[in-house]
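# I'd like to go over a predicted model; first the sequence, then the structure.
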Amino acid sequence: MIPNQWYAILPSKAVEKGQITAVKRLNMDLALFRNKQGEIGCVVDQCSHRGAALSKGKVVGDCIKCPFHGLEFDKDGKCTLVPAIGKNTTEDISRYNAKRCLVGEEHGIIYLWYGDEEKATDNLPFFDKYVDDSYVWSEMEDHWNAHYSRCIENQLDVVHLPFVHYNTIGRGNKTLVNGPKVIFEDYTIITSANNEKDVGQKPKPPEECVIRDTFLSFKFPNIWMNHISPQMKVIIYFAPVDDENTILYIRFYSKLSSVKALNSIVAFFGKYGNLVIERQDKRVVITQKPKASSYISEEKLVPGDGPIITYRKIREELKKANQTQVTTKP
Ligand code: FES
Ligand SMILES: [Fe+2]
């Protein structure tokens, strides 16, 4: 995991008012809830008192209440009540505070800050430049028994298209990989496939390739977009569960029609179309060893793996630049 980043971890709709959502993300068991204003709280799912799962409790007012002995914690993890010592105690009860994670919410996505809270930025990674309210989107999720780095690399892999997707998006036996050209700017990798049928020609180097209108972009640390056309996009955010599991949230965006209802239908069915492609990928990606990828590796990469090499390199640089002990508060 790269420290000091906002990770997209869950759709907003997964956390409803008055309810607690228990999830595992970034190797942490978490309990998420909303206060009366609808603001999200995210605490480590282990009570500071004697370790019970807070997610088995309930939401009371602005707080999450432990099911065991009734301690209450607000959205910032601050302990607001220890019933056994009474609500009128003069004791400083901050020592009971729950461990919490910083969370943010935008575009219907909940983000978790993984790193030093003092270094948290205001920028939740998204593709604001490319999608706005003129699109309608529909979302679904899929669980992969794979490290999130492998899932992301798969979405930047132009070499696999004629093999894994031989009968769908990789039709045509275009096995020769030109380039591809890779751009990295604003924490984003941009690339596009330039594959051709092998008729004995040499592959072109990246400098002779272009970024096409249909292109891929990936924003660190875990969100990706396929620009299918100006009217259709796919966004996937890869929520890391632990070292071997990832949940993909797949969104299909449409503004093919000026009628929103028609766009809803396109988006609804579009995401299933995309799921067919993802399942072709999943079958192979879950078999990759080792589970996580790394910049220094024994894998023998080909020039067409350029986008993956860039991903590994930047990931390594960001990890080094942010080497820090990640702790949850307090
Ligand atoms: S374990 Fe939570 S209140 Fe005791
Ligand atoms: Fe694929």
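Cool, got the structure. Residues are numbered from 1 along each chain as shown. Ligands and ions are numbered 1, 2, ... in the order given.
# low-confidence bits of the protein, can you list those?
Residues of the chain that meet the criterion pLDDT under 70 lie in 324-330.
# can you give me the domain assignment for it?
Domain ranges of the chain: 5-119, 136-321, per automatic domain parsing.
# what's the closest of the ones you listed to residue 127?
Closest to residue 127 of the domains of the chain is domain 136-321 (Cβ to Cβ; 5.0 Å). Bear in mind the C-beta positions are built from the backbone N, C-alpha and C, glycine included.
# the stretch 1-150 of the chain: strands as residue ranges?
5-11, 21-25, 28-34, 40-44, 58-60, 63-65, 72-73, 79-81, 103-106, 109-114, 136-144 (DSSP state E, counting those that start in this stretch).
# JSON lines for these, including distance to ligand 1 and mean neighbour count?
Below are these laid out as JSON lines (distance: least, Cβ to the nearest ligand atom, whole Å; neighbours: other Cβ atoms under 10 Å):
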{"stretch": "strand 5-11", "distance to ligand 1": "24", "mean neighbour count": "24"}
{"stretch": "strand 21-25", "distance to ligand 1": "15", "mean neighbour count": "17"}
{"stretch": "strand 28-34", "distance to ligand 1": "12", "mean neighbour count": "23"}
{"stretch": "strand 40-44", "distance to ligand 1": "11", "mean neighbour count": "24"}
{"stretch": "strand 58-60", "distance to ligand 1": "12", "mean neighbour count": "16"}
{"stretch": "strand 63-65", "distance to ligand 1": "9", "mean neighbour count": "24"}
{"stretch": "strand 72-73", "distance to ligand 1": "9", "mean neighbour count": "26"}
{"stretch": "strand 79-81", "distance to ligand 1": "10", "mean neighbour count": "19"}
{"stretch": "strand 103-106", "distance to ligand 1": "21", "mean neighbour count": "17"}
{"stretch": "strand 109-114", "distance to ligand 1": "23", "mean neighbour count": "24"}
{"stretch": "strand 136-144", "distance to ligand 1": "30", "mean neighbour count": "18"}
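# now these in TSV, with distance to residue 192?
TSV is the format used below for the strands of the stretch 1-150 of the chain (distance: least, Cβ to Cβ, whole Å):
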stretch	distance to residue 192
strand 5-11	23
strand 21-25	31
strand 28-34	36
strand 40-44	36
strand 58-60	46
strand 63-65	46
strand 72-73	47
strand 79-81	52
strand 103-106	27
strand 109-114	25
strand 136-144	22
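# let me have the domains of the chain in TSV, adding distance to residue 126 as columns.
Shown next, in TSV, are the domains of the chain (distance: least, Cβ to Cβ, whole Å):
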stretch	distance to residue 126
domain 5-119	5
domain 136-321	7
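# does anything pack onto the helix or strand where residue 279 lies? Which helices or strands?
Per DSSP states H and E, residue 279 falls inside helix 260-285. Applying 3 or more Cβ pairs under 8 Å, 6 or more residues apart in numbering; DSSP states H and E, one finds that helix 260-285 contacts strand 136-144, helix 148-155, helix 161-164, strand 232-242, strand 245-254.
# report the distance from the last one to the chain centre.
Relative to its parent chain, strand 245-254 has a centroid offset of 9 Å by Cα atoms, centre = their mean, to the nearest Å.
# could you give the angle of that strand to strand 21-25?
Put simply, strand 245-254 runs at 110 degrees to strand 21-25, going by axes from the mean of the first three to the mean of the last three Cα atoms, to 10 degrees.
# let's see strand 245-254 as CSV, backbone CA atoms only.
This file holds the C-alpha atoms of strand 245-254, laid out as CSV (Å, rounded to 0.1, in the frame of the first residue of the first chain):
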residue,chain,number,x,y,z
ASN,A,245,-8.3,-9.7,-2.1
THR,A,246,-9.8,-6.7,-3.9
ILE,A,247,-13.3,-5.6,-4.6
LEU,A,248,-13.8,-3.9,-8.0
TYR,A,249,-16.6,-1.3,-8.2
ILE,A,250,-17.4,-1.1,-11.8
ARG,A,251,-19.4,2.0,-13.0
PHE,A,252,-20.7,2.5,-16.5
TYR,A,253,-21.4,6.1,-17.6
SER,A,254,-23.6,7.0,-20.5
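# many thanks, we can stop here.
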